[in-house]
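J.: The sequence isn't on hand, but the structure is:
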């Protein structure tokens, strides 16, 4: 069997493994608030989130996948790009596993993009990157948490105003039910944006071996595209069902204390941000988004209600994600190229 075909199969398998890792690494984004408010048990919450992660394939167009697949300029039929994609995935997986072990909710999305870009630069230098597409992602590193924070703060204030005359027990009862809807919406946004990033990587791989047109976009009406979309959403749903309890503890239980009304406001704000970004085709960090929304909600109580020391550690992890994953993937590519070229 041709070596390149073997590498393609291994790379696709690695991409789907990354999607599973992404699912359990980012599981906390979907379930942290609903677990911390004790609306659902952790086991119930992950099943709820996993279902809507998968259902997102029927809701969103593959605009994010198109953006990711074109971050690195790939020449169709040039097999060396297969190794670029493989090494990009390796860099992202290594960084994801390290931050998962440390309990830090960093961005799997930015790890993937950083890894892909780092391997591309190691191969062809700075000219191989489409900086306009990468720039959109870079802009949303600070923008996503700020938008989430502003939305979370605003929605929480509006809810306070609307329900100020309600009994606390009645508010709690209403929003415990409402959190089932808000968590579902957030999980749809999470699946819609994050699963598409892996789709983009697989498309880039297939373009490299001439098996997919660089001008074609993924669609549910096309069988090969459907197979890519289905497998990526399924892998993410499986990963979410496996859970990521270390990060759940940081996100939902240590960052700030939330009641059901606060969890609802955070999830609705995060979902709105993700829906908008996915519609625009911008790969954003679900971690950044929900963290900002949780902080915004917590800040309506009092600024001391947010554990800013923990938030600071998370911000440092965000800053390091793209360069660290890029470095790992770049070194990996240089090592592999010494054997295959």
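T.: Done, it's in. Worth saying up front: this structure is predicted, and the values here are computed from it rather than measured.

J.: I'd like the next helix or strand past the helix or strand containing residue 176.
T.: Residue 176 belongs to helix 168-208 when elements are defined using DSSP states H and E. Once the chain leaves helix 168-208, the next helix or strand it forms, by DSSP H and E, is helix 223-242.

J.: what sits up against that next one?
T.: Applying Cβ atoms under 8 Å, 6 or more residues apart in numbering, the contact partners of helix 223-242 are 15-17, 19-27, 30, 46-47, 49-51, 53-54, 56-57, 62, 187, 191, 194-196, 198-199, 202-203, 212, 216, 218-220. Any C-beta I mention is one placed from the backbone N, CA and C, and that applies to glycine too.

J.: and these, which are buried?
T.: By neighbour count, with 16 or more other Cβ atoms under 10 Å, these hold 15-16, 19-27, 30, 46-47, 49-51, 53-54, 56-57, 62, 187, 191, 194-196, 198-199, 202-203, 212, 218 as buried.

J.: how about the residue nearest the centre of the chain, what does it touch?
T.: Geometric centre of the chain, nearest residue: residue 194, 4.1 Å, by Cα atoms, centre = their mean. Contacts were defined as Cβ under 8 Å, 6+ apart; by that measure residue 194 touches 22, 26, 108-109, 236, 286.

J.: Can you pull out the low-pLDDT segments for the protein?
T.: Within the chain, the ranges that satisfy pLDDT under 70 run 1, 25, 28-30, 32-33, 37, 104-106, 243-258, 302-314, 317, 341.

J.: For it, which segments count as helices?
T.: Listed in chain order, the helices found in the chain under DSSP state H are 3-25, 27-36, 42-55, 63-69, 80-102, 108-124, 131-162, 168-208, 223-242, 245-248, 260-280, 286-299, 308-340.

J.: circling back to that earlier point, measure how the helix holding residue 176 sits relative to helix 286-299, angle-wise.
T.: With axes from the mean of the first three to the mean of the last three Cα atoms, to 10 degrees as the basis, helix 168-208 and helix 286-299 are set at 160 degrees to each other.

J.: Helix 168-208: how far from the chain's middle?
T.: Distance of helix 168-208 from the chain centroid (Cα atoms, centre = their mean, to the nearest Å) equals 9 Å.

J.: Repeat that for stretch 275-285.
T.: Between the mean C-alpha position of stretch 275-285 and that of its chain there is a distance of 11 Å (Cα atoms, centre = their mean).

J.: going forward can the numbers begin at 41, since that is how I track them
T.: With 41 as the first residue, the last one maps to stretch 315-325.

J.: farthest pair in the contacts of residue 234?
T.: With distances taken as Cβ to Cβ, the most widely separated pair in the contacts of residue 234 is 149 and 276, at 11.8 Å.

J.: quick one: which of those two has more around it?
T.: Here residue 149 and residue 276 are compared on neighbour count by other Cβ atoms under 10 Å; more neighbours surround residue 276, at 33 against 28.
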